[in-house]
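In: Structure, please.
(2 chains)
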There are 2 protein chains.
Amino acid sequence: MTTLALAPDAAPGVLAAQQQAYADLKARGLSLDLTRGKPSAEQLDLSDGLLNLPGAGTVASEAGTDVRNYGGLDGLVELRRIFAELLDVPVAQLIAGGNASLTLMHDTLTFATLFGVPGSTRPWGQEEKVKFVCPVPGYDRHFAVCEALGIEMVTVPMTDDGPDPDAVAALVADDPSIKGLWVVPTYANPDGSVVSTEVARRLVSMPTAAPDFRILWDNAYAVHHLTDDEVHSADAIGLAEAAGNPDRVVMYASTSKITFPGSGVSFMASSPANITWYKKHLAFQSIGPDKVNQLRHARFFGDAEGVRSHMRRHREVIAPKFDAVVSILRDRLGEHGVARWTEPKGGYFVSLDVVPGTASRVISLAKEAGIALTPAGATFPYGNDPADENIRLAPTLPPLSEIEVAMDGVATCVLLAAAEAATGSLPA
Amino acid sequence: MTTLALAPDAAPGVLAAQQQAYADLKARGLSLDLTRGKPSAEQLDLSDGLLNLPGAGTVASEAGTDVRNYGGLDGLVELRRIFAELLDVPVAQLIAGGNASLTLMHDTLTFATLFGVPGSTRPWGQEEKVKFVCPVPGYDRHFAVCEALGIEMVTVPMTDDGPDPDAVAALVADDPSIKGLWVVPTYANPDGSVVSTEVARRLVSMPTAAPDFRILWDNAYAVHHLTDDEVHSADAIGLAEAAGNPDRVVMYASTSKITFPGSGVSFMASSPANITWYKKHLAFQSIGPDKVNQLRHARFFGDAEGVRSHMRRHREVIAPKFDAVVSILRDRLGEHGVARWTEPKGGYFVSLDVVPGTASRVISLAKEAGIALTPAGATFPYGNDPADENIRLAPTLPPLSEIEVAMDGVATCVLLAAAEAATGSLPA
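Out: Next up, the predicted model:
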């Protein structure tokens, strides 16, 4: 990839112009926020039908159980069937949980730490060291769970087709302390890449020194398309089974960014052995998920097509926001060679790379001008972006008009920092 | 307490009569179930107003946040305020969680195992041994969590006022590996006892060899009264603070047996230090609880008095079932001296002690006659009731007519087993 930098001869002129632009920007006294991957109120409104569901008298599941009462660790089959179709997994291998797939991921690693997983010789917590491979840039909450549990993180680069499979394969082949890999297969957070079938096949077939190696396949954006090209990530669980590594992949998903983030339903799919293992430990923690909420969701969607058409309404709301981000970046920065950004076909983020060594400067300039950006380094383990170049932009929450103002301001900060770097005037 | 046994001279006559009664019972081909502490459908119907709440357009919390979106680990203050009043705890020290207090208890012990609690010198999982004091009879899911986490259980007897404080104090004074005590303070599972203020004061003030000793105060039945004498268990958190042991008590509660068991709201209250500790670890596992469901509950109840009057309607449904259990036990067994039972003022269970050595025989006789009872030993750690004498009866779920038939059958089994024991004909 081309190195990002301002041409030396252009630098003084850009510096002067952007110092003025930045002074004007600050003078506006903005208070804007591009930090949070949260749906906007307009998106949430799309699911307001849930607010009076399941409705009086609706208490029986398809299987005839009273959803109001205790029981049923697997979750309701009518909802699992809808998401099994969307996620390309067998219903029997998919469980529906509480309001957050983060909880399922956290608890998977917690149970692994305390008890080991199928194939472990001992609990992970009794190993001298446990490491995870983290493609970067990636999702800060994945990294936070690892850090909380004392799992050391090693990074590999992302490619347009997901994690670099050569880099991953090289790491895991000889080091038995490497127990896992994080993957966001569809419209990755933050770079929007989609794991191709070829990359998936390599990841699920590569030899691993650890006999209990797991890929945590966080399919958070499986149906979150932004274009007509509704891409489909690879069927990792099926491929893993075909490769003779049936227990390697554990998939997670949720309705957090489909219906209501705080009040949705989470899903977990894997091999029968992994699901049995998880439920064995889950049974000490829970008597069952919120089945009324699962029934509420099943009624609201009707079927998988109901989810798909619902997501097209989300797209109508948010695609213009992504378009605005990309077009402002293109207009303001395109000619200068100081930035590179993703143009995602789905998901919740735009990943912006700026001149190396200036990301934290851009973020602090923006902050001073009243534009909140995700903290520098957030997309890297331990908050450490070694090149100090990546910035995650989250355009779904603010209204379009605010995004336009904020992104124009961000462009000013990117250019100013690039000019400072090129002229040796970047603050220490 | 008097030893339970059939008078030797009466035994042959009782044996003959009950053998005949039992043959008649079996001939009826019953299929009845007294095992489960679940609300009946009639009780669940009392909360059907929840099925179309919070209602269209109701999305803002009292604090002005959009309950549909991410965030807010503490839970909604409007619901916490209602339960803070009912549980006698400061709102600021009470958090509202997901659909199960079991999850909060499980995760408290999981976090303690992995990280230790305030006052710990190391994670509990790194101690050579960790033990918990378990009053018996008690709640099987408490015991199961301990067993899953490798926490060894030592038992103390229950009294009419809760766990025997002398027995507890003697155990914890010198053994630093004893890190905690389970207590169900109000209408205990299964014996219905209520912890008095004096017992609570002793438990929260007694010297403990472990600096990080915790009482898990599972107030599952705080408002679940069966009589006009709406008893109130002691304010353990306040007493602990007054005793200079502010971090000793962690209280749990939920609406599982107030609204819908699968779809309610759980609560946890403790010292500010413990709540901060819990939320620190919770933040890796969750972005926040289901706030729509919390708002739904807040709207449904209105205020604490709304909960109290709602619970009186529960009482109308279930008190006659408890009355039937007790009156049948009294009528059928009272004159024989072969059983002792609780007459609870609240909660979900009747605890029945039979002739030592016959509980498992009673349960197996009942099973053969089509009456399912909680497995023998379930109310003891490791499923081991050393005297083989305790049986937990759960009368809320079946209709009254079934309870009457089932309890008459149970009485027959109790008498028959007692007669077998007294005549040396108890099967091995």
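In: Counting residues, which helix of chain A comes out longest?
Out: helix A:304-333 (DSSP state H).
In: So which bits of that helix are buried?
Out: Within helix A:304-333, the residues scored as buried using 16 or more other CB atoms under 10 Å in any protein chain shown are A:304, A:307, A:310-311, A:314-315, A:317-318, A:321-322, A:324-326, A:328-329, A:332-333. Quick note: C-beta positions are derived from backbone N, CA and C, even for glycine.
In: what's the answer for stretch A:36-54, then?
Out: Buried, per 16+ other CB under 10 Å, within stretch A:36-54: A:36-40, A:43-44, A:46-48, A:50-54.
In: still on that earlier bit, quick one: distance of the longest helix of chain A to the chain centre.
Out: Computed by CA atoms, centre = their mean, to the nearest Å, the separation of helix A:304-333 from the middle of its chain amounts to 16 Å.
In: Who does the helix or strand containing A:L352 pair with, and is each partner parallel or antiparallel?
Out: Under the criterion of DSSP states H and E, A:L352 resides in strand A:350-354. Strand pairing for strand A:350-354, using DSSP bridges, gives strand A:339-341 (antiparallel), strand A:390-393 (antiparallel).
In: Name the surrounding residues that touch stretch A:165-177.
Out: A:127-131, A:133, A:135, A:154, A:156-157, A:178, A:181, A:199, A:202-203, A:206-211, A:213 (CB atoms under 8 Å, 6 or more residues apart in numbering or on different chains).
In: Now which of the residues you listed would you call buried?
Out: Here, 16+ other CB under 10 Å leaves A:127, A:130-131, A:133, A:135, A:154, A:156, A:178, A:181, A:199, A:202-203, A:206, A:208, A:210, A:213 buried among these.
In: tell me the centre residue of chain A?
Out: Among the residues of chain A, the one closest to the centroid is A:N189, at 3.6 Å (CA atoms, centre = their mean).
In: OK, contacts around that one?
Out: So A:N189 contacts A:37, A:138-139, A:220-221, A:347-349, A:392 (CB under 8 Å, 6+ apart).
In: Mind putting the residues you listed into a markdown table with distance to A:H281 and pLDDT?
Out: Putting the contacts of A:N189 into a markdown table (distance: CB to CB, whole Å; pLDDT from 0 to 100) gives the following:
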| residue | distance to A:H281 | pLDDT |
| --- | --- | --- |
| A:G37 | 29 | 92 |
| A:G138 | 26 | 98 |
| A:Y139 | 24 | 98 |
| A:A220 | 23 | 98 |
| A:Y221 | 27 | 98 |
| A:G347 | 31 | 98 |
| A:Y348 | 30 | 98 |
| A:F349 | 32 | 98 |
| A:R392 | 33 | 98 |
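In: buried set for the host helix or strand of A:L25?
Out: A:L25 is part of helix A:11-27, with elements assigned from DSSP H and E. By 16+ other CB under 10 Å, the buried positions in helix A:11-27 come out as A:11, A:14-15, A:18, A:21-22, A:25.
In: can I get these in JSON lines with distance to A:F260?
Out: Converted to JSON lines, the buried residues of helix A:11-27 look like this (distance: CB to CB, whole Å):
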{"residue": "A:A11", "distance to A:F260": "48"}
{"residue": "A:V14", "distance to A:F260": "45"}
{"residue": "A:L15", "distance to A:F260": "46"}
{"residue": "A:Q18", "distance to A:F260": "41"}
{"residue": "A:A21", "distance to A:F260": "40"}
{"residue": "A:Y22", "distance to A:F260": "39"}
{"residue": "A:L25", "distance to A:F260": "35"}
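In: Turn the residues you listed into JSON lines, including distance to chain B.
Out: Conversion of the buried residues of helix A:11-27 to JSON lines gives the following (distance: CB to the nearest CB, whole Å):
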{"residue": "A:A11", "distance to chain B": "41"}
{"residue": "A:V14", "distance to chain B": "38"}
{"residue": "A:L15", "distance to chain B": "39"}
{"residue": "A:Q18", "distance to chain B": "35"}
{"residue": "A:A21", "distance to chain B": "34"}
{"residue": "A:Y22", "distance to chain B": "32"}
{"residue": "A:L25", "distance to chain B": "29"}
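In: continuing past the lowest-mean-pLDDT helix or strand in chain A, what's the next helix or strand?
Out: None of the helices or strands of chain A scores lower by mean pLDDT, DSSP states H and E than strand A:32-33, at a mean of 94. With elements assigned by DSSP H and E, the helix or strand that comes after strand A:32-33 is helix A:41-45.
In: hmm, that following helix in reach of chain B?
Out: Yes - judged by CB under 8 Å from any CB of the partner chain, helix A:41-45 and chain B are in contact via A:41, A:44.
In: Send me that helix as CSV with only the CA atoms.
Out: Only the C-alpha atoms of helix A:41-45 are listed here, as CSV (Å, rounded to 0.1, in the frame of the first residue of the first chain):
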residue,chain,number,x,y,z
ALA,A,41,-33.7,6.8,17.0
GLU,A,42,-35.0,6.6,13.5
GLN,A,43,-33.7,3.1,13.2
LEU,A,44,-35.1,2.1,16.5
ASP,A,45,-38.5,3.4,15.5
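In: Need the contact partners of the lengthiest strand in chain A.
Out: The single longest strand within chain A, with elements called by DSSP state E, is strand A:152-159. Contacts to strand A:152-159, defined as CB under 8 Å, 6+ apart, come from residues A:129-138, A:143, A:146-147, A:163-164, A:167-168, A:171, A:178, A:188, A:191, A:193, A:199, A:380-382.
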